[in-house]
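S.K.: the sequence isn't on hand, but the structure is:
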């Protein structure tokens, strides 16, 4: 069997200033990656991530980025240049606004789609072009949500953007496999992150009786899934969505019953 070439241990993680992105950057650094991260407004958080990466003996470059900006790919390209190449892109940056569809204005819709979907496409395109030129393959991991697969009341724009990102994952996987570039998504359920007004330490003390595992997820549990997809261990996996939700999406048949004794139904 011909062993595929190893992609460079150089990674870009968007939205690396907090939550899942911070945990992913730290994990990849532990596994020997130099890491470039982006942040939207939390420069202090980004500098803390830089500290975590450098403490693990790896280089870290940081850039401000708004994925809703049409020029977002330029920021990613500059990070790639600063790193000296790229082996892994993690599209993690995003936003979540809960507005019922009948109250949703066009401006909010456009911003959500641009931030959560279009920006991820532009960043993936920029990274994949470099990966193709390098000729050593690579990985693209898109962080979506369980709402890539199931909608949530009052979150139509978010759910549509994440579903679109899921299909983008499949489309890119189909087109890029011939270049040795594997593209997958990680679809988290509820995770204790700042975007959910929670601290990671809350994951194991918060009760979620409607989830089979009974709690929300920890950022490091999501990072572990991303790390697997970024590694040689996932060399025959592409176009897939890895759902990491404690079994939440298994609960459709129990959706009519919010009682805590559903296990005995």
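M.R.: The structure has been received and is ready for your questions. Please read all numbers here as calculations on a predicted model, not as lab measurements.
S.K.: strands of the stretch 151-265 of the chain, residue ranges please.
M.R.: Counting by DSSP state E, counting those that start in this stretch, one finds strands in the stretch 151-265 of the chain at the ranges 181-188, 241-244.
S.K.: quick one: mean pLDDT for the helix of greatest length in the chain?
M.R.: Across the chain, the helix with the greatest residue count (assigned by DSSP state H) is helix 156-176. Helix 156-176 shows a mean pLDDT of 98.
S.K.: what helices or strands is that helix leaning on?
M.R.: helix 106-113, helix 119-134, strand 138-143, strand 181-188 (3 or more C-beta pairs under 8 Å, 6 or more residues apart in numbering; DSSP states H and E). (Glycine included, C-beta is placed from N, CA and C.)
S.K.: just the strands of the stretch 151-265 of the chain: most buried one?
M.R.: Comparing these by mean neighbour count (mean count of other C-beta atoms under 10 Å), strand 181-188 comes out on top with a mean of 26.
S.K.: show which residues not belonging to that one make contact with it.
M.R.: Strand 181-188 is contacted by residues 20, 124, 128, 131-132, 137-146, 148-149, 162, 165-166, 169, 172-173, 176, 217, 222, 225-226, 229, 234-235, 237-245 when judged by C-beta atoms under 8 Å, 6 or more residues apart in numbering.
S.K.: same question, stretch 83-91
M.R.: Applying C-beta under 8 Å, 6+ apart, the external contacts of stretch 83-91 come out as 7-14, 21, 24, 28, 33-34, 36, 59, 61, 76, 80, 120, 123-124, 127-128, 130-131, 134, 136-143, 165, 226, 230.
S.K.: wait, isn't residue 177 in contact with residue 238?
M.R.: Yes: counting by C-beta atoms under 8 Å, residue 177 does reach residue 238; the two are 5.7 Å apart.
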